[in-house]
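Enquirer: Fold the following.
(chains A and B)
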Amino acid sequence: MVVDPPLPEPEMLAAIPRLRRYARVLTGDPTRADDLVQETLARAWEKRRLWTAGSDLRAWMFTIMHNLFVNQLAAATRDAQNVSIDGDGDGNAAWQLPVRATQQTHVELLEVLGELGRLPAEQREVLVLAAVEEMRYEEIAKLLAIPVGTVMSRLSRAREKLRRATSGVPDGNPAPVRMLR
Amino acid sequence: MSKPVTDADVHAYADRQLAPERVAEIEEAMVQDPALAARIAGIEGQNVWLREGLAALLDEPLPQRLIDAARPKPRRSLRIFLPVLAVAATLVIGVGLGWYARNALLRDAGMPTSFASEAAFAHALYASDAKRPVEVWAPEEKQLVAWLSRRLDIPLHAPDLNGAGYALVGGRLVAGNEKPTAMFMYENSAKQRLTLQARKRPGTGETAFRYAVEDGVGVYYWVDDRCAYALAGSLDRAQLLAIGRLVYQQLAAADDRR
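Expert: Residues are numbered from 1 along each chain as shown, chains lettered A, B, ... in the order given. Okay, the predicted model is just below:
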């Protein structure tokens, strides 16, 4: 019988925490984040022929998630014209800030999510992929299907905006107290 | 005189993506230019702040629906495959007949082939249980082994799989089709679980390792002169086989000591 090659399940499972983290940064909402991850995993199984065995499964799934997210945003924009996905506007109107901290939620997490939420989605993506996922710029460019130069300019704008937003401190270090710990 | 420091250099330096020879040049420039050094330190501080803040998200427990979604789906769009189905059906009948014959042969040889699917089912049922995957936990290993040995009426032994990165979680008794089954559960640091299941068998003679995949759970099973064993887990075949061999060696060594 003709059977599609299976995806390596342990690697699929191992990728989930990072996919969830990225989805959370993209959507800003735990439930929508998990919906996005679930959809990403389902899509990965549907499209498993497109994955080359031995290549970076995580990067491939991040690409799938990015594309799903962009489509969702486009749909949301069609539904409500007030959602901005690009430019230096007031960030993504669909973004929901965490309202209250549960016991497990750390204050630092809420702070970071709050600040990231103020960035436009396209800057947020590049910043998190570079700074948190520690992906190479070329890899990010491929993942987002944009030139490396665009990656750099978005990264630069994201960092500058974050610096200005978080600096009660003039020297540009956004978190001097935390750094001391 | 080296090239002037660009914006891209600053980011790439802070993100540790710069070629080593350029790193040296930037570090030289940082000594000359405190403002540049401060800017880079600011970005590095931002990176740490982001990483540490978001790290908490990695520790959240995984919802079952995502674990399920990471596993293969048996369902598939019929529409696309209809032309293939006719051919496939013919094949299936042929293969099915062959498979049935093989199972019958194995069963006659004393090999309970249904054991593999029962083991996969029991694995899926208990390994996904976060709160109560086992009846007796690893700290009471001695009592666990003694209890299961008594219930199965054969001397059992819980292999030590720490060498493969799996620690004993504990064990339980599982109802089998014909006989009770002893289950030992193991877990690695990534919280992936393996189960080793054993039941008494009639007849004599050993069989080689056999492999089956049931509902996304890989199962290696084999029979020695006393027991049928199944090692089940959502690992790939090679990993599971490597651990299977480890188990087999330890069980053989334990038998030799008796």
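Enquirer: so what's the residue nearest to residue A:65 when sequence neighbours are not counted up against?
Expert: What sits nearest to residue A:65 in space, not counting adjacent residues and going by C-beta to C-beta, 6 or more residues apart in numbering or on different chains, is residue A:40, at 4.3 Å. The C-beta positions use only the backbone N, C-alpha and C, and glycine is treated the same way. Counting by C-beta atoms under 8 Å, 6 or more residues apart in numbering or on different chains, residue A:40 makes contact with A:19, A:23, A:61, A:64-65, A:68.
Enquirer: Let's see which of these end up in helices.
Expert: Among the contacts of residue A:40, DSSP state H puts A:19, A:23, A:61, A:64-65, A:68 in helices.
Enquirer: Name the secondary structure element that contains residue 43.
Expert: You didn't say which chain, so I picked chain A. Using DSSP states H and E, the element containing residue A:43 is helix A:30-46.
Enquirer: Switch to chain B, please.
Expert: Using DSSP H and E, residue B:43 maps to helix B:34-58.
Enquirer: From the contact counts, what lies against that helix?
Expert: Contact here means 3 or more C-beta pairs under 8 Å, 6 or more residues apart in numbering or on different chains; DSSP states H and E; on that basis helix B:34-58 packs against helix A:9-27, helix A:107-117, helix A:148-166, helix A:176-180, helix B:7-14, helix B:20-32.
Enquirer: Using the three-state scheme, assign residue B:117.
Expert: At residue B:117 the chain is in helix, as set by DSSP: H, G, I helix; E, B strand; the rest coil.
Enquirer: Against chain A, how distant is residue B:232?
Expert: In this structure, residue B:232 and chain A are separated by 13 Å, where distance is defined by C-beta to the nearest C-beta, to the nearest Å.
Enquirer: Which residue, other than its chain neighbours, is closest to the residue in the stretch 51-200 of chain B positioned nearest to chain A?
Expert: Ranked by C-beta to the nearest C-beta, the top residue of the stretch 51-200 of chain B for proximity to chain A is residue B:53, at 3.1 Å. In space, not counting the residues next to it along the chain, residue B:53 is nearest to residue A:112; the distance is 3.1 Å by C-beta to C-beta, 6+ apart.
Enquirer: pretty sure that neighbour is touching residue B:51, no?
Expert: No. Counting by C-beta atoms under 8 Å, residue A:112 sits too far from residue B:51 to count as a contact (9.2 Å).
Enquirer: out of those two, which sits in the busier spot?
Expert: Neighbours of residue A:112 and residue B:51, each counted by other C-beta atoms under 10 Å in any protein chain shown, are more numerous for residue A:112; the result is 27 against 15.
Enquirer: sorry, back to before: can you lay out the ones in helices among the contacts of residue A:40 as a markdown table showing pLDDT and neighbour count?
Expert: Rendered in a markdown table, the data for the ones in helices among the contacts of residue A:40 read as follows (pLDDT from 0 to 100; neighbours: other C-beta atoms under 10 Å in any protein chain shown):
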| residue | pLDDT | neighbour count |
| --- | --- | --- |
| A:19 | 95 | 25 |
| A:23 | 95 | 27 |
| A:61 | 94 | 25 |
| A:64 | 95 | 21 |
| A:65 | 96 | 22 |
| A:68 | 94 | 19 |
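Enquirer: picking that back up, what inclination does the helix holding residue B:43 have with respect to helix A:107-117?
Expert: Per axes from the mean of the first three to the mean of the last three C-alpha atoms, to 10 degrees, the angle that helix B:34-58 makes with helix A:107-117 is 110 degrees.
Enquirer: Would you indicate which residues of helix B:34-58 are buried?
Expert: By 16 or more other C-beta atoms under 10 Å in any protein chain shown, the buried positions in helix B:34-58 come out as B:36, B:39-47, B:49-50, B:52-54, B:56-57.
Enquirer: how far out from the middle of the chain is that helix?
Expert: Between the centre of helix B:34-58 and the centre of its host chain there is 35 Å, according to C-alpha atoms, centre = their mean, to the nearest Å.
Enquirer: Enumerate the positions of the next helix or strand along the chain from it that are buried.
Expert: Moving toward the C-terminus from helix B:34-58, the next helix or strand (DSSP H and E) is helix B:64-69. Residues of helix B:64-69 classed as buried under the neighbour-count rule (16+ other C-beta under 10 Å) are B:66, B:69.
Enquirer: circling back to that earlier point, distance to residue B:226 added to the ones in helices among the contacts of residue A:40, as JSON lines?
Expert: JSON lines is the format used below for the ones in helices among the contacts of residue A:40 (distance: C-beta to C-beta, whole Å):
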{"residue": "A:19", "distance to residue B:226": "45"}
{"residue": "A:23", "distance to residue B:226": "50"}
{"residue": "A:61", "distance to residue B:226": "45"}
{"residue": "A:64", "distance to residue B:226": "49"}
{"residue": "A:65", "distance to residue B:226": "50"}
{"residue": "A:68", "distance to residue B:226": "53"}
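Enquirer: For chain B, state which of these is nearest.
Expert: If you rank these by distance to chain B using C-beta to the nearest C-beta, residue A:19 comes first, at 8.5 Å.
Enquirer: which ones are touching that closest one?
Expert: Residues A:37, A:40-41, A:61-62, A:65 are the ones in contact with residue A:19 under the rule C-beta under 8 Å, 6+ apart.
Enquirer: same question, residue A:9
Expert: Residues in contact with residue A:9 (C-beta under 8 Å, 6+ apart) are B:70-72, B:216, B:234-236.
Enquirer: Perfect, I'm done here.
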